[in-house]
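[1] no sequence for this one, just the structure:
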């Protein structure tokens, strides 16, 4: 793997600058999203199917007209007021539902504008002839305290029945979060799956020539919006991972050729050093309880996996076999770890108990296996399959039911959405060295590229936000 294996043989030199000076200006993550109202139907389940289902319901038509407003008022969220904001909210929801490949949403730009009164009492005759089985109504109102109330309603057009509703109070700067929460509400109600839209992605932003690549830590929303850089690039940043509670980001940084593992506090914009080594160190990963960190370190030509408390201190060595053992990822319950090793003569994936015992190979299907990551649902492991090209694939924790999801030239480093149904990865274009972030669902049919302002690699999908 170009991302990991090169670090074993090469020490990355970075400018001699204190790591603390590499942090960008802290940017607040926004205020809390308060639930304004909630009403769930007596039938809590979703429609029959899931994101892996290939039946006709995946063509479910959803009409999403502009969200109404009780009174068009000024708001910092949109220079043209709450009426214009309501249209933007509906556009974000439309894009979210279209991009996961499950639905056929029609957005506000080609639909009539409902009145505020029709949000709770739809004009059914306006929608029954438009080929939409589902209808999303909502509103965006400005409050006296400067905040916004955004309401979201999902209706079954044929039954002329409300399926679910919920509303949120947000700061104007967080209006997109309300749109994502509405998308999550719709997605969860119609599929029966856990939501994932109101989440964030960390990744490595890459600029500059190949021999002097600048790699910065960056974050953005799950749809690529609200992008910002967390480091300035004076020190090389690598392999970020969100903490289980979303509050921190773990990443590797090289300063003067020495690898250091840092934990960046998202809310405060500060970081703490976990461990510093003179030996090549790669691939730090959280334990599910957030108390420990796995990493790999090369000593005297042998690379093994270690565990260290998140507060720092003494590391425990978990593997001792000759060769290269890297990329540990915990199972959701913390009882097992999947990792890659070349102890058999080629890169393959192995599983061991959390204390390092009971190590066993699980991949025997040909090709090589690298960068494994356990699904948050516990039912699958995503990894990079190397068989000529590099492609993203999934398998069971026992190494069975291989399914290759992508067909690019160099697709690698998969990371799971918090619901375990979408996978993010990065793709390098042949003969260009240019890389970008992509998503694919478990059917393998629905791919899309996420917009980033610069080249991007090694994404890490964070948990759903409160």
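    Okay, I see it. Only a predicted model underlies this, so the values are computations on that prediction, with no experimental measurement involved.
[2] got the phi/psi numbers for the most far-flung residue of the chain relative to its centre?
    Taking Cα atoms, centre = their mean as the measure, the residue most remote from the mean C-alpha position of the chain is residue 125, 39.5 Å away. Main-chain dihedrals, residue 125, degrees, to the nearest 10: phi -60, psi -20.
[3] can you check residue 396 too?
    According to degrees, to the nearest 10, residue 396 has phi -80, psi 160.
[4] how far away is it from residue 348?
    16 Å (Cβ to Cβ, to the nearest Å). No exception for glycine: its C-beta is placed from N, CA and C like everyone else's.
[5] Quick check on the two: which one has the bigger neighbour count.
    Applying other Cβ atoms under 10 Å to residue 396 and residue 348 shows that residue 348 carries more neighbours, namely 22 against 14.
[6] got any ranges where the stretch 351-466 of the chain has weak pLDDT?
    Of all residues in the stretch 351-466 of the chain, none has pLDDT under 70.
[7] List the residues that contact residue 355.
    With contacts defined as Cβ atoms under 8 Å, 6 or more residues apart in numbering, residue 355 is in contact with residue 318.
[8] The strand or helix carrying residue 169 pairs with which strands, parallel or anti?
    In the assignment (DSSP states H and E), residue 169 maps to strand 161-170. The pairing partners recorded for strand 161-170 under DSSP bridges are strand 34-39 (antiparallel), strand 148-156 (antiparallel).
[9] What mean pLDDT does the longest one get?
    Right, strand 148-156. Averaging pLDDT along strand 148-156 yields 98.
[10] Please compute how far it lies from its chain's middle.
    Centroid displacement of strand 148-156 relative to its chain, using Cα atoms, centre = their mean, to the nearest Å, is 25 Å.
[11] What residues sit buried inside that strand?
    Buried residues in strand 148-156, counting neighbours by 16 or more other Cβ atoms under 10 Å, are found at 148, 149, 150, 151, 152, 153, 154, 155.
[12] Surely the first one and residue 170 touch.
    Yes. Contact criterion Cβ atoms under 8 Å: residue 148 and residue 170 qualify, at 5.4 Å.
[13] what do the two both touch?
    The contact sets of residue 148 and residue 170 overlap at residue 178 (Cβ under 8 Å, 6+ apart).
[14] what's near enough to touch residue 177?
    30, 33, 168, 170, 198, 465.
[15] make it 6 Å
    When contacts are counted by Cβ atoms under 6 Å, 6 or more residues apart in numbering, residue 177 touches 33, 170, 198.
[16] okay, and for this protein, where does confidence drop off?
    In the chain, residues with pLDDT under 70: 1-20, 27-31, 39-58.
[17] that older thread, what element comes up after the strand holding residue 169 heading to the C-terminus?
    Assigned by DSSP H and E, the successor of strand 161-170 is helix 175-191.
[18] Can you give me the buried ones in that next one?
    175-191.
[19] just stretch 416-431 next, same as before
    416-428.
[20] Of these, which belong to strands?
    If you go by DSSP state E, the buried residues of stretch 416-431 have 416, 422, 423, 424, 425, 426, 427, 428 in strands.
[21] Need these in TSV (columns: distance to residue 303).
    Shown next, in TSV, are those (distance: Cβ to Cβ, whole Å):
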residue	distance to residue 303
416	25
422	31
423	26
424	26
425	23
426	23
427	26
428	24
